[in-house]
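**Q** Below are the sequence and a predicted model; questions follow.
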Amino acid sequence: MSQRCFWLALCLNCGLWLAPVGAAEPAPPFDLEELTELALRHTLEAGEGSWKVSGAQARVRQVNAARFLPRLRLESTSGLVPSAKGDIFNPPEDTSGLRDLGPFVQAQLEFMQPVYLASTAPLARAAREGVVVEEASLQGQRLDLGLEVAELYYGLLLARELGNLAADLQKKIEEKRAEIEDNPAIPLSGRYRFQLALVELHKQQEIIAQKKGLALAALAWKTGLIEGDSLALESPGLAPEPAVLPSLDSLCALAFAQRPDWHKLQAGLKAKDALTEAARGAYYPQVLLTGALKYAVAPNRTDQHSPFVKDEFNYLNGGVVLYLRQALEWDLIGAEVDKARAEYQELKAKERLNARGLRVDVQRAYTEFQQAAAELGAATEARRLSRQWAKEAQEAYELDPEEAKELISGFEAWAQSEQAYYEAVYRHNLALAKLEKTTGGPGLRRSP
């Protein structure tokens with residue numbers, strides 16, 4: 001019972017995930033959807049992708065906030081100042097001695113309101129598309145994680161089926177062993193084949209148990225559960241996932257509509273186009289409305305009303321200014337525009353390449369699924385024939401013990417077909433999961 005290809009893939013997926021675990025209460029049975037949801041919450045909820053989305057959303061708020069009063073500040077100072085009574089017509093008599101101290105308060109309110117900035121609207125669009133880019137990246141991580149969980153889930157079901165098959169084979173061989181060894185019609189090679197089969201089955205059972213424990217620990221770690229051995233699967237057995245697939249053209253259209261990497265590219269193009277427009281906006285003037293309101297009061301000092309006297313302690317004034325700024329660095333602005341336009345065209349060329357690559361990816365996944373489905377059909381038919389062969393060989397042996405050689409051959413064919421069938425089911429289900437990921441998400445499976 002050789003499963004080298006399967007176990008190699010399983011080890012590559014699980015080897016880096018194994019971590020020490022502690023004892024815990026047994027977990028309830030989980031199906032694939034529940035395990036995927038657990039893994040998404042555990043791995044991505046507080047991951048780097050989520051924080052990048054939050055950062056992009058904060059940039060959108062920042063750009064929107066800059067449209068209305070991006071500068072609105074209130075400054076206030078207070079303290080104690082010496083008293084001073086009088087003015088230029090009635091100066092104080094004593095100007096040299098120590099004077100009483102009194103309170104002093106000064107406040108200043110400043111504001112700035114953009115009237116016309118050519119780059120404001122493009123920068124806002126670029127920021128919004130940046131959120132779409134980060135959300136698409138996060139969705140891509142979700143699809144990758146979902147495929148990893150599906151591979152582990154189906155691998156565990158396959159390990160369980162192969163383990164049950166090995167135990168069943170061992171039981172059947174033990175039941176027939178005494179009869180075979182006592183039957184003189186059985187050649188010497190047949191007796192040793194039974195003994196070698198028992199040795200091989202015992203070895204395979206140990207290997208399956210070890211790999212199953214490793215996969216359970218990996219899946220428990222990925223989903224945030226504590227004890228890998230306590231993770232129970234709700235599925236009663238490894239069975240083909242039912243699916244009704246549309247045509248290849250429909251799958252390609254579905255991929256263009258759902259694939260996160262394609263959405264990310266489209267959002268990136270819109271953001272680059274907006275940044276190009278923002279760079280071009282530097283050619284136009286900037287019009288701002290600025291102003292300030294200043295107030296100061298010191299009760300122990302006389303308010304000076306003469307326009308020729310500067311009073312720093314008692315005043316109320318303010319003003320509004322229309323601010324116009326025009327950049328004249330035409331060459332520098334042109335270079336920035338050309339740079340932004342080049343980045344946009346670079347992404348546009350990538351879009352053309354990725355459009356063809358996306359179709360190739362869908363076609364490859366679709367072909368692999370069709371091949372897996374064809375292999376599953378052949379394995380199912382071989383399983384049916386081998387079961388019939390084993391049944392008829394058993395009946396013939398019961399009627400004529402000299403037919404033991406045919407019984408051994410039918411028994412071996414049945415064991416090989418059972419293993420091939422479950423491996424074909426595993427490849428079929430995994431190919432379907434990969435096709436769903438390639439088209440951008442679930443939706444191809446159908447309820448039986």
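**A** In hand now; what should we look at? Residues are numbered from 1 along each chain as shown.
**Q** tell me the strands in the stretch 301-448 of the chain, going along the chain?
**A** 315-325 (DSSP state E, counting those that start in this stretch).
**Q** Report the backbone C-alpha coordinates of stretch 29-42 in CSV.
**A** Extracted in CSV, the C-alpha atoms of stretch 29-42 (Å, rounded to 0.1, in the frame of the first residue of the first chain):
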residue,chain,number,x,y,z
PRO,A,29,-17.0,17.6,15.4
PHE,A,30,-16.2,20.1,12.7
ASP,A,31,-17.0,20.1,9.0
LEU,A,32,-14.9,21.8,6.3
GLU,A,33,-16.8,25.1,6.4
GLU,A,34,-16.5,25.4,10.2
LEU,A,35,-12.8,24.6,10.1
THR,A,36,-12.2,27.1,7.4
GLU,A,37,-14.1,29.8,9.4
LEU,A,38,-12.1,29.0,12.5
ALA,A,39,-8.9,29.3,10.6
LEU,A,40,-9.9,32.6,9.1
ARG,A,41,-10.8,34.1,12.4
HIS,A,42,-7.6,32.7,14.1
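**Q** neighbouring contacts of that stretch?
**A** Defining contact as Cβ atoms under 8 Å, 6 or more residues apart in numbering, one finds that stretch 29-42 is touched by 142, 145-146, 148-150, 153, 219, 222-225, 231-235. C-betas here are computed from N, CA, C, even on glycine.
**Q** where's it relative to the chain centroid, distance-wise?
**A** Chain-centre distance of stretch 29-42: 14 Å, with Cα atoms, centre = their mean, to the nearest Å.
**Q** Identify each buried residue in that stretch, please.
**A** Buried positions in stretch 29-42, judged by neighbour count with 16 or more other Cβ atoms under 10 Å: Phe30, Leu32, Leu35, Thr36, Leu38, Ala39, Leu40, His42.
**Q** got those residues as JSON lines, with pLDDT columns?
**A** Formatted as JSON lines, the buried residues of stretch 29-42 follow (pLDDT from 0 to 100):
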{"residue": "Phe30", "pLDDT": "79"}
{"residue": "Leu32", "pLDDT": "81"}
{"residue": "Leu35", "pLDDT": "84"}
{"residue": "Thr36", "pLDDT": "83"}
{"residue": "Leu38", "pLDDT": "83"}
{"residue": "Ala39", "pLDDT": "83"}
{"residue": "Leu40", "pLDDT": "83"}
{"residue": "His42", "pLDDT": "79"}
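**Q** So which of these are in helices?
**A** Of the positions in the buried residues of stretch 29-42, Leu32, Leu35, Thr36, Leu38, Ala39, Leu40, His42 sit in helices, assigned by DSSP state H.
**Q** Among those residues, which one lies nearest to Gly130?
**A** Of all these, Gly130 sits closest to Leu40, with 22.9 Å by Cβ to Cβ.
**Q** For the closest one, give its distance to Leu432.
**A** To Leu432, Leu40 is 20 Å away according to Cβ to Cβ, to the nearest Å.
**Q** where along the stretch 151-300 of the chain do the strands fall?
**A** So, for the stretch 151-300 of the chain - with DSSP E, counting those that start in this stretch - the strands run 286-297.
**Q** low-scoring stretches of it, by residue?
**A** The model of the stretch 151-300 of the chain has pLDDT under 70 over residues 173, 175-202, 226-231, 235.
**Q** At the geometric centre of the chain, which residue do we find?
**A** Most central in the chain under Cα atoms, centre = their mean is Gln141, positioned 2.1 Å from the mean C-alpha point.
**Q** Using CSV, list the CA coordinates for the host helix or strand of Gly102.
**A** Under the criterion of DSSP states H and E, Gly102 resides in strand 101-116. What follows is strand 101-116, C-alpha atoms only, in CSV (Å, rounded to 0.1, in the frame of the first residue of the first chain):
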residue,chain,number,x,y,z
LEU,A,101,1.0,91.7,39.6
GLY,A,102,-2.3,90.8,37.8
PRO,A,103,-3.6,88.1,35.5
PHE,A,104,-3.0,88.1,31.7
VAL,A,105,-4.8,85.9,29.1
GLN,A,106,-4.1,85.7,25.4
ALA,A,107,-6.0,83.5,22.9
GLN,A,108,-5.6,83.0,19.1
LEU,A,109,-7.8,81.1,16.7
GLU,A,110,-6.4,80.2,13.3
PHE,A,111,-8.2,78.6,10.4
MET,A,112,-7.5,77.6,6.8
GLN,A,113,-10.2,76.5,4.2
PRO,A,114,-9.2,75.3,0.7
VAL,A,115,-11.2,77.1,-2.0
TYR,A,116,-9.7,75.4,-5.0
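**Q** and it, which strands flank it?
**A** Using DSSP bridges, the strands paired with strand 101-116 are strand 71-82 (antiparallel), strand 286-297 (antiparallel).
**Q** quick one: it to strand 315-325, angle?
**A** 20 degrees (axes from the mean of the first three to the mean of the last three Cα atoms, to 10 degrees).
**Q** and of the buried residues of stretch 29-42, the nearest to Cys252?
**A** Set against Cys252, the nearest of those by Cβ to Cβ is Thr36 (24.9 Å).
**Q** any idea how far Gly441 is from the closest one?
**A** For Thr36, the distance to Gly441 (Cβ to Cβ) stands at 11 Å.
**Q** got it, and Ala424?
**A** Per Cβ to Cβ, Ala424 is found 25 Å from Gly441.
**Q** More neighbours: the two, which one.
**A** Higher neighbour count among Ala424 and Gly441: Ala424, with 22 against 18, using other Cβ atoms under 10 Å.
**Q** Might you report the residue contacts of that one?
**A** Ala372, Glu375, Leu376, Ala378, Ala379, Thr380 are the contacts of Ala424 under Cβ under 8 Å, 6+ apart.
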